[in-house]
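In: Here is the input, now give the coordinates:
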Amino acid sequence: MKKTIVASASAPKAIGPYSQAVLVEQPGRVLHASGQIPLDPATGELVQGDIAVQAERVLANVGAVLAAAGMGFANVVKTTVFMVDLADFARMNEVYGRHFPGEFPARSTVQVAALPKGARLEIEVTAVG
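Out: Below you'll find the model as predicted:
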């Protein structure tokens, strides 16, 4: 797999830990992972705490799914982040940025009215490996 970060000076620069786009030339495997919310896998219950605590759990869950496919965060080319309150964006972004080594994946972030089980955050990923 050849992964190239795409950046255009004619479009706005990324304002956080993400890339404008990621071009993947393959053959290779593509993983489209379902969104993860901050559920503790041992209990199935929502973790308690602020958005940073929830972001850590969500990203741990994403990491576990990636690992099950023989991949890691470096394989992620696109994420979609769903948040109940974009006022929490900066704190979520700090946690998110620590999980992606080197080149950041492309990303979309949207505010939603509600998420399952009262979660404040959900993240889905596409990875190539």
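
In: Report the buried residues of stretch 53-65.
Out: The neighbour-count criterion (16 or more other C-beta atoms under 10 Å) identifies Q54, A55, E56, R57, V58, L59, N61, V62, G63, V65 as the buried residues of stretch 53-65. Backbone N, C-alpha and C define where each C-beta goes, glycine included.

In: quick one: contacts for the fourth one?
Out: The neighbourhood of R57, defined by C-beta atoms under 8 Å, 6 or more residues apart in numbering, consists of P38, L39, D40, V47.

In: May I ask which helix or strand of the chain has the lowest mean pLDDT?
Out: Across the helices and strands of the chain, the lowest-confidence element by mean pLDDT, DSSP states H and E is strand 21-25, at a mean of 75.

In: Can you tell me which helices and strands that one packs against?
Out: With contacts defined as 3 or more C-beta pairs under 8 Å, 6 or more residues apart in numbering; DSSP states H and E, strand 21-25 has these neighbours: strand 2-6, strand 76-83.

In: same thing but 10 Å
Out: Secondary structure elements in contact with strand 21-25, counted by 3 or more C-beta pairs under 10 Å, 6 or more residues apart in numbering; DSSP states H and E, are strand 2-6, strand 76-83, strand 106-111, strand 121-128.

In: what number of residues lie near the closest residue to G72 other than its chain neighbours?
Out: Closest residue to G72 apart from its sequence neighbours, by C-beta to C-beta, 6 or more residues apart in numbering: L66 at 5.5 Å. For L66, the neighbour count with other C-beta atoms under 10 Å is 20.
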